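>>> What shape does this take:
(one chain, ligands or ions: 2)
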Amino acid sequence: MNKPIYSIVIPIYNEEENITEMYRRLSNLIEQLDGEAELILIDDGSRDRSLNMIRELHHCDSRVRYLSFARNFGHQIAVTAGLNFVQGKIVIVMDADLQDPPELILAMIEKWQQGYQVVYAQRLSRKQESWLKRLTAYAFYRILRVLADVDIPPDTGDFCLMDRQVVDILNGMPERNRYIRGLRAWVGFRQTSVHFERDPRFAGKEKYTFGKSWALAVNGIVSLSKVPLRLATYLGMLSAAIALLMILLVLYWRLFDPASPLIGFTLITIGLFFLGSVQLFCIGILGEYIGRIYEEVKGRPVYTVKEIGDVNHTLTTPASQPSHHSSI
Ligand code: UDP
Ligand code: MG
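Ligands and ions are numbered 1, 2, ... in the order given. Below is the predicted model of the structure:
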């Protein structure tokens with residue numbers, strides 16, 4: 001097989017109900033492309049039949065290459081691994097659950113032909129997702145926009161097309177905490193969007209639990225903004241102002257209203273709790289940043305690979321690890 005022009009990266013975690021349909025729709029799409037394409041499937045430590053199904057696809061179709069992680073590392077890391085593994089000149093990242101319609105890829109390619117290096121898909125609506133998810137996602141993207149150093153377009157996920165040049169830069173970024181859509185915005189180049197209605201999942205349950213979504217949101221903010229660190233200064237100023245006000249009040253009461261019941265325990269207790277919580281809050285924020293520094297300093301590989309399905313490699317034995325994929 002010649003070197004493919006298009007690489008489609010798909011992270012997969014327990015998607016046995018979706019893989020067949022996803023492959024069918026993508027094969028249809030690939031027929032319409034003007035060059036060779038490869039599918040890069042990343043099995044993120046699935047516990048269902050996903051890996052078996054991926055292996056079968058690989059055996060039947062040489063365009064399918066895959067990596068299987070030794071455990072679940074999370075969506076962002078799976079995409080990272082996929083990007084490390086691609087060969088194509090044009091790279092597309094999409095989910096396995098068909099919430100990102102593969103047909104949109106054609107519109108993305110059109111934009112690439114017009115000279116854009118990054119084309120991200122922007123959601124106009126999220127069909128059938130819970131109101132809580134929609135509300136939190138809406139709020140999060142707007143908060144991130146205010147806080148982040150770079151301009152992050154709202155309502156964009158990881159569904160996008162990237163030029164090889166951009167992918168090479170992403171692959172060269174050594175950071176271990178990877179918020180792909182943030183890094184993608186950070187690199188710059190000519191970027192544009194295509195709009196789409198987000199479909200419901202084809203089948204199966206959402207793999208992003210509340211905990212995972214929360215972690216992703218905190219990661220997004222911490223990796224793109226230093227504003228929360230500055231919050232400690234502002235909160236310190238605020239509590240100093242409140243303390244000053246209290247001193248003035250107490251002085252006033254002492255001089256003009258000695259019988260006031262507010263002087264004493266109530267005031268002290270409130271003050272104590274207020275200051276205590278401000279301090280703990282600030283320590284928590286510091287902790288988020290220090291935790292990330294710790295992660296970076298440890299320098300562990302970002303993921304571990306237990307199996308590779310590649311036309312160039314034979315199927316490797318479990319736990320063997322290609323050196324160039326083990327860390328970035
Ligand atoms: N996914 C993954 N690892 C995880 C969680 C999710 O690889 O730990 C994959 C999942 O299989 C899907 C994509 O990431 O292809 C998006 O997940 P999901 O549909 O649950 O999230 P959404 O973005 O739709 O809320
Ligand atoms: Mg989904």
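>>> give me the residue from the stretch 201-328 of the chain nearest ligand 1.
Nearest residue of the stretch 201-328 of the chain to ligand 1, counting by Cβ to the nearest ligand atom: residue 207, 3.4 Å away. Where C-beta positions appear, they are placed from N, C-alpha and C, glycine not excepted.
>>> can you pull the buried residues of stretch 215-230?
Using 16 or more other Cβ atoms under 10 Å as the test for burial, stretch 215-230 gives 216-225, 228.
>>> and if you look at stretch 61-76?
By neighbour count on 16+ other Cβ under 10 Å, the buried set for stretch 61-76 is 63-69, 72-76.
>>> Distance to ligand 2 added to the residues you listed, as TSV?
TSV is the format used below for these (distance: Cβ to the ion, whole Å):
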residue	distance to ligand 2
63	24
64	21
65	23
66	20
67	20
68	20
69	19
72	16
73	17
74	14
75	9
76	14
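>>> What about these, which are in helices?
Judged by DSSP state H, the buried residues of stretch 61-76 include 75-76 as members of helices.
>>> Excluding chain neighbours, give the residue nearest to residue 3 in space.
Nearest non-adjacent residue to residue 3, counting by Cβ to Cβ, 6 or more residues apart in numbering: residue 87, 5.6 Å away.
>>> that older thread, secondary structure class for the residue of the stretch 201-328 of the chain closest to ligand 1?
Under DSSP: H, G, I helix; E, B strand; the rest coil, residue 207 falls in the coil class.
>>> Neighbours of residue 258, how many?
Using other Cβ atoms under 10 Å, residue 258 has 8 other residues around it.
>>> any idea of the pLDDT on it?
At residue 258, the pLDDT value in this model is 70.
>>> Quick one: the helices in the stretch 101-250 of the chain, in order.
Secondary structure of the stretch 101-250 of the chain (DSSP state H, counting those that start in this stretch): helices located at 104-113, 131-147, 164-172, 180-187, 210-224, 227-256.
>>> next one: stretch 19-34 to chain centre, how far?
Taking the mean of its C-alpha atoms, stretch 19-34 sits 25 Å from the chain's own mean (Cα atoms, centre = their mean, to the nearest Å).
>>> near ligand 1, anything from it?
No. Using Cβ under 6 Å from any ligand atom, we find that stretch 19-34 stays clear of ligand 1, coming within 8.8 Å at best.
>>> Export only the CA atoms of that stretch, formatted as PDB.
Provided in PDB are the C-alpha atoms of stretch 19-34 (Å, rounded to 0.1, in the frame of the first residue of the first chain):
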ATOM      1  CA  ILE A  19     -17.600  -0.400  15.700                       C
ATOM      2  CA  THR A  20     -19.400  -2.200  12.900                       C
ATOM      3  CA  GLU A  21     -21.600   0.700  11.900                       C
ATOM      4  CA  MET A  22     -18.800   3.200  12.300                       C
ATOM      5  CA  TYR A  23     -16.600   1.100  10.000                       C
ATOM      6  CA  ARG A  24     -19.400   0.800   7.500                       C
ATOM      7  CA  ARG A  25     -20.100   4.600   7.400                       C
ATOM      8  CA  LEU A  26     -16.400   5.400   7.200                       C
ATOM      9  CA  SER A  27     -15.700   2.900   4.400                       C
ATOM     10  CA  ASN A  28     -18.500   4.600   2.400                       C
ATOM     11  CA  LEU A  29     -16.900   7.900   3.100                       C
ATOM     12  CA  ILE A  30     -13.400   6.700   2.200                       C
ATOM     13  CA  GLU A  31     -14.700   5.600  -1.200                       C
ATOM     14  CA  GLN A  32     -15.600   9.300  -2.000                       C
ATOM     15  CA  LEU A  33     -12.100  10.500  -1.100                       C
ATOM     16  CA  ASP A  34      -9.600  11.300  -3.900                       C
END
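>>> Could you list the buried residues of it?
Under the neighbour-count criterion of 16+ other Cβ under 10 Å, stretch 19-34 has 19, 22-23, 26-27, 29-30, 33 buried.
>>> who touches that stretch?
5-6, 8, 10, 12, 15, 37, 39, 50, 53-54, 57, 61, 63-64, 96-98, 102-103, 105-106, 109, 202-203 (Cβ atoms under 8 Å, 6 or more residues apart in numbering).
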